[in-house]
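> Fold the following, please.
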Amino acid sequence: MLITPTNITVADYCQAMNRHEIIVNRDYQRSDKVWPPAAKSFLIETILLNYPIPKLFLFQRTDLRSRKTFKEIVDGQQRSQTILDFFEDKIPLSQSCEIEEAEGKRYSELDEEFQQTFLDYSLSVDLFVAATTDNIREIFRRINSYTVPLNPEEKRHAIYQGGFKWFIHKLSTKHDQNLIDIGVFTEKPLIRMADSKLFTELIHAFLYGITKTSAKNLDNLYKSYDSDFPEQQEIEKRISATIDFILSIEEIHQSALMKSYNFYSLMLAISHTRFPADSLISLYQPQVPYAFDRNYVVANLTYLIDVLDSDSFDGKFKTFVAATSSDTNGTQNRQTRFKWFCKALEPSLL
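Residues are numbered from 1 along each chain as shown. Below you'll find the model as predicted:
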């Protein structure tokens, strides 16, 4: 068996598929689930932005009767079909595409510059020559044996391809640098989708209240809203407004409040205090309307930072310190921190 790495342009690949020189073999399809429009649009958008996509695996075979050589798509069938569909003008890009000039457009409606980018995009291919079915099966066994196991966030984003997954991706893309800059995450946990988990847990709290969230809880959230997420606009406004609020208070950046478990509670407190959420009213009744006093808020939050950084502190902060010391993602401790942060945002803490 030979494995030949090669590259082929989108234009040549699609023409080869149309000539049936590259074909789909359903025996290799690992899932019968067809990608939804959002997933297809994201792939085409990735190509138009000239970002890399995963390698395609093709199995070269020769038909003994016709003596013609063709290639079967071993891995990459959904990607291949999506690229061909866009090439043939069968599918449009999403209206929420990150490329403003391409929103909602089909290939024929794109500017010539984007059409050229799409056609010239180089697909990376591994071509298996003189291989048997057993060889192909063993290749995948070995690849999977050396692959780092997926964490729950990565599994969700591999399984679910609907609106909720792409909304989480949009939030992560928009805010990941902010989360690095203020000290919530470093690059390594972001690569393993820690930001996606954070945003998913925040949304769970906005919808169902503050609780300890298990992987099953978050899986169910993705599943429930896989086809449609009607609260998307409201949630996006809440999260973006809250992060902007935190960005404006530089005094708390790179502090103990930016630890992910504290940041979770702080985000909920800021959003709820400014725009009360029905799911959180039972825990804290904020003043309406909220009157923001920057000096007061900075004084309170920096005082809480000092409390967490100190070995000795006023006894009245005992419950707050305890809620940051162990079982930080437990229901009670999450709720305790949330209440303290709400009080710190209003004239009632000191």
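> Residue 341 sits in which helix or strand?
helix 331-345 (DSSP states H and E).
> Would you indicate which residues of that helix are buried?
Using 16 or more other Cβ atoms under 10 Å as the test for burial, helix 331-345 gives 333-345. In this view, the C-beta of every residue, glycine as well, is placed from N, C-alpha and C.
> Including pLDDT and distance to residue 275, could those residues go into JSON lines?
Putting these into JSON lines (pLDDT from 0 to 100; distance: Cβ to Cβ, whole Å) gives the following:
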{"residue": "333", "pLDDT": "97", "distance to residue 275": "24"}
{"residue": "334", "pLDDT": "98", "distance to residue 275": "20"}
{"residue": "335", "pLDDT": "98", "distance to residue 275": "19"}
{"residue": "336", "pLDDT": "97", "distance to residue 275": "22"}
{"residue": "337", "pLDDT": "97", "distance to residue 275": "19"}
{"residue": "338", "pLDDT": "98", "distance to residue 275": "15"}
{"residue": "339", "pLDDT": "96", "distance to residue 275": "17"}
{"residue": "340", "pLDDT": "96", "distance to residue 275": "19"}
{"residue": "341", "pLDDT": "96", "distance to residue 275": "15"}
{"residue": "342", "pLDDT": "96", "distance to residue 275": "13"}
{"residue": "343", "pLDDT": "94", "distance to residue 275": "17"}
{"residue": "344", "pLDDT": "95", "distance to residue 275": "17"}
{"residue": "345", "pLDDT": "95", "distance to residue 275": "12"}
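> Report the separation between residue 119 and residue 247.
According to Cβ to Cβ, to the nearest Å, residue 119 stands 41 Å off from residue 247.
> just residue 339 next, same as before
In this view, residue 339 and residue 247 are 24 Å apart by Cβ to Cβ.
> so where's the chain uncertain?
Applying pLDDT under 70 to the chain flags the ranges 27-33, 140-141, 143-148, 348-350.
> Please identify the helix or strand for the residue lying farthest from the centre of it.
Distance from the C-alpha centroid of the chain peaks at residue 65, with 48.3 Å (Cα atoms, centre = their mean). Residue 65 belongs to no helix or strand when elements are defined using DSSP H and E.
> go on, residue 230?
Counting by DSSP H and E, residue 230 is found in no helix or strand.
> need the longest helix for the chain.
The single longest helix within the chain, with elements called by DSSP state H, is helix 163-182.
> residue ranges for the helices of the stretch 101-250 of the chain, please.
For the stretch 101-250 of the chain, the helices defined by DSSP state H, counting those that start in this stretch occupy 112-120, 133-145, 152-159, 163-182, 187-191, 194-208, 215-224, 232-247.
> which one of those is the most hemmed in?
When neighbours are counted by mean count of other Cβ atoms under 10 Å, the highest per-stretch mean among the helices of the stretch 101-250 of the chain falls to helix 194-208, a mean of 21.
> Give me the angle between that one and helix 163-182.
120 degrees (axes from the mean of the first three to the mean of the last three Cα atoms, to 10 degrees).
> what residues are up against residue 45?
93, 94, 97, 98, 99, 102 (Cβ atoms under 8 Å, 6 or more residues apart in numbering).
> Looking at neighbours, which among these is most surrounded?
Counting neighbours by other Cβ atoms under 10 Å, residue 93 comes out on top of the contacts of residue 45 with 25 neighbours.
> Next, the contact list for that one, please.
Residue 93 touches 41, 44, 45, 99, 102, 103, 104, 105, 106, counting by Cβ under 8 Å, 6+ apart.
> for those, which one is nearest residue 211?
Nearest to residue 211, judged by Cβ to Cβ, of the contacts of residue 93 is residue 41 at 33.6 Å.
> and the closest one, what helix or strand is that in?
helix 37-48.
> and the helix or strand just after that helix, which strands flank it?
Per DSSP H and E, the first helix or strand lying C-terminal to helix 37-48 is strand 56-63. Paired strands of strand 56-63, with direction, are strand 68-75 (antiparallel), strand 122-129 (parallel) (DSSP bridges).
> what about stretch 228-237, distance to the chain center?
Distance of stretch 228-237 from the chain centroid (Cα atoms, centre = their mean, to the nearest Å) equals 15 Å.
> Same check on stretch 251-269?
Using Cα atoms, centre = their mean, the offset of stretch 251-269 from its chain centre is 21 Å.
> Need the contact partners of that stretch.
181-185, 194, 198, 201-202, 205-206, 210, 239, 242-243, 246, 280, 284, 298, 301-302, 304-305, 308-309, 324, 328-329, 334, 337-339, 341-342, 344-345.
> would you say residue 20 is within a strand?
No - using DSSP: H, G, I helix; E, B strand; the rest coil, the secondary structure at residue 20 is coil, not a strand.
> That one against residue 70, yeah?
Yes - in this structure, residue 20 is within contact of residue 70 by Cβ atoms under 8 Å, at 6.8 Å.
> who has more neighbours, those two?
residue 70 (17 against 9).
> Which residue comes closest to residue 39 once chain neighbours are left out?
residue 161 (4.0 Å; Cβ to Cβ, 6 or more residues apart in numbering).
> Now do the one you found against residue 53, distance only.
15 Å.
> returning to that earlier point: does the residue nearest to residue 39 touch residue 41 like I think?
No - counting by Cβ under 8 Å, residue 41 is not a contact partner of residue 161; they are 10.8 Å apart.
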